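Undergrad: Sequence and predicted structure, then a few things I'm wondering about:
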Amino acid sequence: MALVLALLTAAGLLVVAGPGRAEAASCGARKVRTLSFSTGYVHVYKRGGYVCAVTVAKKRDGTLRWMSASVQARGNRPMMREGKRKYRISTDAVHAGRRCVRVKGAVGGGNVTSGWILC
């Protein structure tokens, strides 16, 4: 029981260690690309044939703002998340295999679209 508690505590410390670690943990992958735009960034993560995206706001003032993140493997429909958030929003991992993906992200009035990448 003590071992389980210690492992859960250690995992919790990793999540609060910083936004980069939390983003990677949410996707379970390594960062392969960052797309910058006027109001934020979209970080693209990949593990094996799976890809996900995390949109992060440049302003970190605690204000709720409309955000979105989207990943689409070529030939499939996009996986998209959108809504009002303070700092970040992420997609679930999408199986792309070796296909190209298109990534989109938006914070407030700013947005970015990657075109087909990771081919």
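TA: Cool, the structure landed. Residues are numbered from 1 along each chain as shown.

Undergrad: so where does the spatially most central residue of the chain fall, helix or strand?
TA: Nearest to the centroid of the C-alpha atoms of the chain, with distances taken as CA atoms, centre = their mean, sits residue 54, at 1.7 Å. With secondary structure defined by DSSP states H and E, residue 54 is part of strand 50-57.

Undergrad: In terms of secondary structure, what does that strand contact?
TA: Other elements packing on strand 50-57 under the criterion 3 or more CB pairs under 8 Å, 6 or more residues apart in numbering; DSSP states H and E are helix 19-27, strand 40-47, strand 65-73, strand 88-90, strand 94-95, strand 101-107. Every residue, glycine included, has its C-beta placed from N, CA and C.

Undergrad: least reliable of those going by mean pLDDT?
TA: Here the helices and strands packed on strand 50-57 differ in mean pLDDT, and the lowest is helix 19-27 at a mean of 54.

Undergrad: Let's have the helices and strands packed on strand 50-57 in CSV, adding mean neighbour count and distance to residue 81.
TA: Written out in CSV, the entries for the helices and strands packed on strand 50-57 read as follows (neighbours: other CB atoms under 10 Å; distance: least, CB to CB, whole Å):
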stretch, mean neighbour count, distance to residue 81
helix 19-27, 16, 11
strand 40-47, 21, 12
strand 65-73, 22, 5
strand 88-90, 22, 5
strand 94-95, 16, 12
strand 101-107, 24, 10
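
Undergrad: For the ones you listed, give me a markdown table that also has distance to residue 116.
TA: Compiled in a markdown table, the helices and strands packed on strand 50-57 are given as follows (distance: least, CB to CB, whole Å):
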| stretch | distance to residue 116 |
| --- | --- |
| helix 19-27 | 20 |
| strand 40-47 | 13 |
| strand 65-73 | 9 |
| strand 88-90 | 21 |
| strand 94-95 | 14 |
| strand 101-107 | 6 |
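
Undergrad: Nearest to residue 117, out of these?
TA: Evaluated over those, closeness to residue 117 peaks at strand 101-107, with 6.2 Å, by CB to CB.
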